[in-house]
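Enquirer: Fold the stuff below for me.
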Amino acid sequence: CEARGRACSATWSDSAGLHLEQVTMEARDKIAAARVWLIKHKPFFGVLARALRVEASDRTPAFRLLPDDRLLFAPDLVLALPFPALCARLAHLCMHASLACFGRRGPREAGRWNVAHDLAIDGLLEAAQLSVAAPHLTAQLGRLPRGASAENYYEILPSGIRPQENWCDLCDVDPSTDEA
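Expert: Modelled structure (predicted):
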């Protein structure tokens, strides 16, 4: 009975691992399909999205772009996103990289810079009909000038502002490590 219990436990564990592997593969396939859609329908963003190295992460709540152009993603979130939203989100993320978000940030507050960069990117995506509708931007858009640079938005935004956790997509530290 005890040996049988361990066998059942090992089988369940193997099954959970297999499920996680399948979810990760499905999420990778969905990201690949979104990249193909971008290349076919929005080639500028599609070429940029191809440059990102995507990696699944169980320690990332949504998406995290790292300074070396790795894009960490949460497989469950990718599968839950509607396809048009995933395409728009990939375009948003590749714009962070192409606009040198990390190099331009300098000593600025990371969360506030993330919001400022999101605001600068929002107008570009809107013009390309790839609206992301980030919840943290909705309240800001009514009172801020459209078409400004991230540096200009940063100066206007209040200190301490941060995007919601699932929209905080700029991260200097790899969340798969314990480094702060």
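Enquirer: close enough to count as contact, Arg108 and Leu157?
Expert: No. If you go by C-beta atoms under 8 Å, Arg108 and Leu157 don't touch, sitting 10.4 Å apart. Where C-beta positions appear, they are placed from N, C-alpha and C, glycine not excepted.
Enquirer: Looking at those two, which has the bigger crowd around it?
Expert: Leu157 (18 against 15; other C-beta atoms under 10 Å).
Enquirer: And the more buried one, what's its pLDDT?
Expert: pLDDT recorded at Leu157 is 90.
Enquirer: Which parts of the protein are helices?
Expert: Ranges of helices in the chain, per DSSP state H, are 2-41, 43-50, 75-80, 83-98, 101-105, 110-127, 135-141, 150-156.
Enquirer: Columns distance to Phe63 on top of the ones you listed, output as JSON lines?
Expert: Output for those, formatted as JSON lines (distance: least, C-beta to C-beta, whole Å):
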{"stretch": "helix 2-41", "distance to Phe63": "10"}
{"stretch": "helix 43-50", "distance to Phe63": "12"}
{"stretch": "helix 75-80", "distance to Phe63": "8"}
{"stretch": "helix 83-98", "distance to Phe63": "6"}
{"stretch": "helix 101-105", "distance to Phe63": "13"}
{"stretch": "helix 110-127", "distance to Phe63": "12"}
{"stretch": "helix 135-141", "distance to Phe63": "14"}
{"stretch": "helix 150-156", "distance to Phe63": "18"}
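Enquirer: Turn these into CSV, columns for distance to Arg64 and mean neighbour count.
Expert: Output for the helices of the chain, formatted as CSV (distance: least, C-beta to C-beta, whole Å; neighbours: other C-beta atoms under 10 Å):
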stretch, distance to Arg64, mean neighbour count
helix 2-41, 14, 13
helix 43-50, 16, 18
helix 75-80, 11, 17
helix 83-98, 9, 22
helix 101-105, 12, 17
helix 110-127, 11, 21
helix 135-141, 16, 14
helix 150-156, 18, 17
